[in-house]
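In: from the sequence below, what's the structure:
(2 chains)
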Amino acid sequence: MTPFDNSIGDLLVFFGKTGNVLLVLGIITFGGFLFRSIGQLFDNRGETFVEMPLFIASLLAILLLAVVSLIWSAFFGGRAGLRTLILFVAAIVFGAWAFRYAGQLLTDNAPLFRDMPFGVAFGYVFGALALIGGIWFFLQPVELDGAPRASVIFFRWAVKGFIGFAIAAFLFRLAGRYLGTNGTRKLFRQMPMTAAFGILVILIYTIVSVFAGVIAPFGQEEVLANSNIVPGGDPAVGGDPDYPLGTDQIGRDILSRLIYGAQNTVGIAFATTLLAFFIGGSLGFLAATLGGWLDQVLSRLVDVLMAIPALIFALLLMTIATAWAPKLGIPLTFFMVVIIAVIDSTRVFRLARAVAMNIVVMDYIEAAKLRGEGLAYLVFREILPNATAPLLAEFGLRFCFVFLTIASLSFLGVGIQPPLADWGTMVKDLAQFINFAAFAPQVATAPLLAAGAIALLTVAVNFVVDWMLHKSSGLKE
Amino acid sequence: MGSVLGIIVQRLALGLLTLLVVSIVIFIAVNALPGDFAQAVLGQGATPEAIKSIREGLGLDQHFLLRYFTWLAGMVQGDLGTSFAQLNFASNMGGTQLKTVAEQIAPRFQNTMFLAGLTAAIAVPVSVALGIMAALYRNSVFDRTINIATLSSISSPEFFLAYILILFLAVLNPVLPSLSNIYEGMELSDRLVRTVLPALTLTLVVTAHMMRMTRAAIINLLASPYIEMARLKGVSPMRVIVVHALPNALAPIINVIALNLAYLVTGVVVVEVVFVYPGIGQLFVDSVKNRDIPVVQACCLIFAAAYILLNLAADVMSILSNPRLRHPK
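Out: Numbers count the residues shown, from 1 in each chain, chains lettered A, B, ... in the order given. From the prediction side, this is the model:
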């Protein structure tokens, strides 16, 4: 059962031959020409079609042909799914038109409805239908003839999670508006919900990672008596209330490992980012302040290192580190921190150098130099304070990249090593359970929880950084 | 146009030079492995004679520089050497049919190109269209929803997106296969169906950046006097954006598209591993684990070359589309 017809494959094979390509190009161009000419005949405003370039006309003609053939195959080729989809879209298009027209009639041509573009009306109707459909789907029974309906269960979890986080973010922002100093209250008043959500999540992660040892019910390496306990704590489907998120294949508590994962993964990523900023920032400032051959050498070195894709380079170096680590007796995680810090420091170097370049030409730097201040004073007392804002935003983004790189490396099996609980490794180990989602939804949540924990933090950091950048750039329109 | 050609040639030469330096870096890095392949293959019970004979057979006993230049010369001629693992396999099986690295990489490279091509074919129109829509309905609910959705998808790890897609499109609603086992001589339609999920995952990863750039580039232009003029003469908002603003916004958009295609090179590795897609990324991860030096080197160099080439393309495009850069003072 494939959604594509075999004829599409045949068509592509046909296109594979050079002669055919030329023929087809000719036909398409001619079709575009025809399309444009017909359009010009019927276009009473004489605007769109007259100045239309031929290749755009050809593209539009192909698009039109594709839509027509899709509709044709849906209604005469017996494709029930496609037919429903097309009827659905048609219903929304008609509904949008009816909605706008009814609005115009009822409100006696109020400006809102009179000037409403069709796209906006379409959006309203589509949004309303999606909302109704979502509520309807949410209220569906979770079981049908004794079998769990996994789609409904997952949908309910997703909606509950979304609403829960939205309410939490809203309350958090509300609390921030009345508590704290004047400055923070002002900050919270201007804050969009996404940024409030981001800050809340970052706070939660920080607390969990710092107090992991206190919060977690079991140790991260502790192998318990029972393995493969289903998450959810429901004994009817193989859960156990003592292990709310279940245990993995060799009997380690997943909740505890998730909590310790916050400490390990986030902590290591944070340390790596700090190291990257220390290396890249100080070298960048030095290159900008001193200039000359040091600047040239460092910049060219960074150019070369940046020419190799980061993840590929990290993988290559990690292989070498895997071979060296046991010989030198240094943990592999330490190698990983250094490798990723060095690779990412090239990006920090670029930014720090560019920012410092703009600062070193300022008059106050000249004045400081004339006063006879040393290099350390120039870098730490003059350049650093003026470069904090862009570097701070970069720190957030860089943290996300480092965090994702570490997670990817762990997922591929060369990152943070097994005795330590780590989210990337957990996803890799538990991934197979996703295939049970259709008949045992609880089982499939374990790998998604670990992957979701990674995604939640990076999304949160990105929301905050996005807000900071938006605020500092003053981009309004 | 003479100066433009000059600039392009100059950039190309610079790119080649970078690639040469990158090849040196890769070669040094790989040779920093403790011990060599001979020891790794023979393991604990290796006799010095056996190690010596394997080393001589593979040319591992030669001087470092000599090995580098032999390797480089081979690379330039398209001879990527012989895979150690294949060599080992062949000698164990008593066979003489050796697969060279080039033979091993070629079909996988095609597969990866197929995946990247399909991704680009989906991602580029979708993100440009979304960007135009977001610019048209800027600051509306639609704009914000798209903004949040794309920001979330770009900041999630690839494997999270991949497993979410598997969950919804392969397990809960079995529309698409969750494993992309592609083989030679497969029907193209079958192949397309099996590549859709990895391509969709990669699309989710790269769309956000392109869409945001399209939106920003268009909105940047909306304050220009000529857009004001178009508005005043009564042109519809959609037409203002597509006909008046878009052509002038093309330079940054093309630039960001090329950069994202370069990003695909890295993103492909994780996605190929998740979907067991037989591309070059999976080969790379496998040979990294086997310490198969010729394959690792070749893969790394290919990845770097693709990356450099696409960045170069982005560079040249932005010069070509900007008259101020085309005629430097």
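
In: quick one, longest helix in chain A?
Out: helix A:441-473 (DSSP state H).

In: would you mark the buried spots in it?
Out: Going by neighbour count (16 or more other CB atoms under 10 Å in any protein chain shown), the buried part of helix A:441-473 is A:441-468. Heads up, the C-betas are built off the backbone N, CA and C, glycines and all.

In: out of the residues you listed, who's near chain B?
Out: A:444, A:447-448, A:451-452, A:454-455, A:458-459, A:461-463, A:466 (CB under 8 Å from any CB of the partner chain).

In: state which one residue of the stretch 151-300 of chain A is found closest to chain B.
Out: In the stretch 151-300 of chain A, no residue comes nearer to chain B than residue A:151, which is 4.9 Å away by CB to the nearest CB.

In: look up phi and psi at that residue.
Out: phi -60, psi -40 (degrees, to the nearest 10).

In: who's in contact with the nearest residue to it once chain neighbours are set aside?
Out: Nearest residue to residue A:151, sequence neighbours excluded (CB to CB, 6 or more residues apart in numbering or on different chains): residue B:172, at 4.9 Å. If you count contacts by CB atoms under 8 Å, 6 or more residues apart in numbering or on different chains, residue B:172 has them with A:150, A:151, A:154, A:437, A:438.

In: narrow those to those in strands?
Out: Taking DSSP state E, every one of those sits outside strands.

In: scan those and report the most crowded one.
Out: Within these, most neighbours by other CB atoms under 10 Å in any protein chain shown means residue A:437, with 24 neighbours.

In: ok, the closest residue to that residue other than its chain neighbours to residue A:459 distance?
Out: Excluding its sequence neighbours, the residue lying closest to residue A:437 (CB to CB, 6+ apart) is residue A:444, at 3.6 Å. Plainly put, residue A:444 is 21 Å away from residue A:459 if you go by CB to CB, to the nearest Å.

In: check which helix or strand the closest residue in space to residue A:118 that isn't next to it in sequence maps to.
Out: Take residue A:118 and drop its neighbours on the chain: the residue closest to it by CB to CB, 6+ apart is residue A:96, 6.5 Å away. According to DSSP states H and E, residue A:96 maps onto helix A:80-106.

In: cool, and residue B:125?
Out: Per DSSP H and E: helix B:101-136 holds residue B:125.

In: who does that helix touch, helix- and strand-wise?
Out: Under the contact criterion of 3 or more CB pairs under 8 Å, 6 or more residues apart in numbering or on different chains; DSSP states H and E, helix B:101-136 touches helix B:141-155, helix B:188-221, helix B:246-275, helix B:280-290, helix B:293-320.

In: want to throw those helices into TSV with distance to chain A, mean neighbour count and mean pLDDT?
Out: Conversion of those to TSV gives the following (distance: least, CB to the nearest CB, whole Å; neighbours: other CB atoms under 10 Å in any protein chain shown; pLDDT from 0 to 100):
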stretch	distance to chain A	mean neighbour count	mean pLDDT
helix B:141-155	4	18	83
helix B:188-221	3	22	84
helix B:246-275	4	22	82
helix B:280-290	5	22	81
helix B:293-320	5	21	81
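
In: I'd like these as a markdown table, with distance to residue A:74 appended.
Out: Output for those, formatted as a markdown table (distance: least, CB to CB, whole Å):
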| stretch | distance to residue A:74 |
| --- | --- |
| helix B:141-155 | 27 |
| helix B:188-221 | 18 |
| helix B:246-275 | 29 |
| helix B:280-290 | 37 |
| helix B:293-320 | 38 |
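
In: I'd like the next helix or strand past the helix-or-strand element of chain A with minimal mean pLDDT.
Out: Lowest by mean pLDDT, DSSP states H and E among the helices and strands of chain A is helix A:6-15, with a mean of 58. On the C-terminal side of helix A:6-15, the closest following helix or strand by DSSP H and E is helix A:18-42.

In: what residues of the next helix-or-strand element following that following helix count as buried?
Out: Next along the chain after helix A:18-42, taking DSSP H and E as the criterion, comes helix A:54-76. Within helix A:54-76, the residues that count as buried by 16+ other CB under 10 Å are A:57, A:58, A:60, A:61, A:74.

In: pull the most distant pair out of the residues you listed.
Out: Spanning the widest gap among those are A:57 and A:74, at 25.9 Å by CB to CB.

In: ok, now which ones touch the nearest residue to residue A:319 once chain neighbours are set aside?
Out: Spatial nearest neighbour of residue A:319, chain neighbours left out: residue B:288 (4.6 Å); criterion: CB to CB, 6+ apart. Listed by CB under 8 Å, 6+ apart, the contact partners of residue B:288 are A:315, A:316, A:318, A:319, A:414, B:296.

In: identify the farthest-apart pair in those.
Out: A:414 and B:296 (12.9 Å).

In: okay, and the common contacts of the two?
Out: Contact criterion CB under 8 Å, 6+ apart; residues shared by residue A:414 and residue B:296: A:319, B:288.

In: what's around the residue nearest to residue A:118, how many residues?
Out: 20.

In: I figured residue A:365 hits residue A:359, correct?
Out: Yes: between residue A:365 and residue A:359 there is a contact at 6.6 Å, judged by CB atoms under 8 Å.

In: name the residues contacting each of these two.
Out: What both residue A:365 and residue A:359 touch, as defined by CB under 8 Å, 6+ apart, is the set A:382, A:383.

In: JSON lines for the contacts of residue B:288, including distance to residue A:204?
Out: Output for the contacts of residue B:288, formatted as JSON lines (distance: CB to CB, whole Å):
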{"residue": "A:315", "distance to residue A:204": "32"}
{"residue": "A:316", "distance to residue A:204": "36"}
{"residue": "A:318", "distance to residue A:204": "30"}
{"residue": "A:319", "distance to residue A:204": "36"}
{"residue": "A:414", "distance to residue A:204": "29"}
{"residue": "B:296", "distance to residue A:204": "41"}
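
In: for the stretch 201-350 of chain A, which residues are neighbours of chain B?
Out: A:303-305, A:307-313, A:315-320, A:323-324, A:327.

In: out of the residues you listed, list just those in helices.
Out: Reading helices off those with DSSP H, I get A:303-305, A:310-313, A:315-320, A:323-324, A:327.

In: for residue A:425, state which of those residues is nearest.
Out: residue A:318 (13.9 Å).

In: residue contacts, the closest one?
Out: So, once contact is read as CB under 8 Å, 6+ apart, residue A:318 ends up touching A:332, A:335, A:336, A:339, A:409, A:414, A:415, B:288.

In: make it 10 Å
Out: Residues near residue A:318 by CB atoms under 10 Å, 6 or more residues apart in numbering or on different chains: A:325, A:332, A:335, A:336, A:339, A:340, A:409, A:412, A:413, A:414, A:415, B:288.

In: now it: how far from residue A:333?
Out: In terms of CB to CB, residue A:318 sits 11 Å off from residue A:333.

In: list residues touching both of those two?
Out: A:325, A:415.

In: any idea which residue is closest to the centre of chain B?
Out: Central residue of chain B (CA atoms, centre = their mean): residue B:265, 1.6 Å from the mean position.

In: the strand or helix carrying residue B:19 close to chain A?
Out: According to DSSP H and E, residue B:19 maps onto helix B:2-31. Yes: Helix B:2-31 is in contact with chain A by CB under 10 Å from any CB of the partner chain, via B:14-15, B:17-22, B:24-26, B:29-31.

In: any idea which of the residues you listed is closest to residue B:292?
Out: Among the residues of helix B:2-31 next to chain A, residue B:30 lies closest to residue B:292 (CB to CB), at 10.4 Å.

In: pull the number of nearby residues for that closest one.
Out: The burial count for residue B:30: 18, using other CB under 10 Å.

In: my guess is it meets residue B:300, correct?
Out: Yes: between residue B:30 and residue B:300 there is a contact at 8.1 Å, judged by CB atoms under 10 Å.

In: got the residues of the stretch 51-200 of chain A near chain B?
Out: A:51-52, A:56, A:59, A:81, A:117-120, A:123-124, A:126-127, A:149-155, A:192-194, A:197.

In: and these, which are buried?
Out: A:52, A:120, A:123-124, A:126, A:149-155, A:192-194, A:197.
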